[in-house]
Each structure stands twice: as structure tokens, then as C-alpha cells.
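Engineer: Can you look at this prediction? I've put the sequence above it.
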Amino acid sequence: MRTTHGPNRLSVVTVERAVDVFRIVRSDDFEDPAFLDSLRSHYELSEEPRKVEREWTVIHMGISVYVNPDQAAATAERWPRIGAYVARIELRPGHGFNVAQTGFPGRLTLWGEPVKLRDATTDIESVGAVGR
């Protein structure tokens, strides 16, 4: 998965090989509407765009994920209102998942249907338990 971006360029790729990513979520219950909403973009939730989302609507339509669970946990600890759990999502080819490197190293933007992302979630840990 190699992507590039710059002031006027963004490369979005389709997931062509299995990869795990980590998402900060608000619930550890797969059936909780708050969990599914944690897999929805700011755009889908009708939230105002923030930061780079103001210039890149396509980023507003994706969700932030991390390649390392510790990075996700550290972000959740800095901004607890985002969520208290880290979900492992197993991205597999053929499910319509797309990603792009849009932030600092290890942070990606992911596009996918929330129900498919929920179905691809294999594990959820509390932020304090990540990496222990």
C-alpha cells in the first residue's frame, strides 16, 4: 500500500492485499449504534469538516485509521472524546475498501461502507489495554 499526496495531489488505492488497521471507536459492543457510528465519516454524520477536510471533501468522506494500535491508543488518550476503544479492522481485497496516506506516517484515511467495516472488525480493546 503506497500512496502519495501533496498540496494538489492525493493518491487513493484499493486494498489489494490483506492489511490490518486500527480505528478509535466509542463502544466495544458490535451491536451498539455508537460503534457503527464510529465507523462513519464526519461527512456521513453531517459533521462540519475540520482541518484538511475543508479543502479536500474526499478526506471528509473517509475515516482516520492507524497502522499501529499504539498510535491509535495514544491519539485516543490525547483526545478522549473521540473514543475509549481501539478496533482492529482486517481489510481484505474485494470488499470495496480504499485507503490513502493523508496525515503523519502511520495514519491513513479509509473509505468503506460502515457495515462492511464492522463485519471486518475482529477485536476491540480499551485504550488502556492496547499494547499490554
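Structural biologist: Sure thing, it's come through. Owing to the predicted nature of the structure, the values given are computational and were not obtained by experimental measurement.
Engineer: Now do the strands in this protein.
Structural biologist: In the chain, the strands defined using DSSP state E lie at 5-6, 9-10, 13-14, 19-25, 63-66, 85-91, 98-101, 107-111, 121-126.
Engineer: Can you tell me which of those strands is nearest to Arg78?
Structural biologist: strand 19-25 (10.5 Å; Cβ to Cβ). Glycine gets a C-beta too; all of them are placed from N, C-alpha and C.
Engineer: Same list, the strands of the chain, but as JSON lines with mean neighbour count please.
Structural biologist: JSON lines is the format used below for the strands of the chain (neighbours: other Cβ atoms under 10 Å):
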{"stretch": "strand 5-6", "mean neighbour count": "12"}
{"stretch": "strand 9-10", "mean neighbour count": "12"}
{"stretch": "strand 13-14", "mean neighbour count": "13"}
{"stretch": "strand 19-25", "mean neighbour count": "22"}
{"stretch": "strand 63-66", "mean neighbour count": "22"}
{"stretch": "strand 85-91", "mean neighbour count": "22"}
{"stretch": "strand 98-101", "mean neighbour count": "20"}
{"stretch": "strand 107-111", "mean neighbour count": "21"}
{"stretch": "strand 121-126", "mean neighbour count": "15"}
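Engineer: Nearest to His42, out of the ones you listed?
Structural biologist: strand 63-66 (8.4 Å).
Engineer: Not counting residues beside it along the chain, what's closest to Val12?
Structural biologist: Ala100 (4.5 Å; Cβ to Cβ, 6 or more residues apart in numbering).
Engineer: quick one: that neighbour and Arg9 touch, right?
Structural biologist: No. The criterion here is Cβ atoms under 8 Å, and Ala100 misses it with Arg9 at 10.5 Å.
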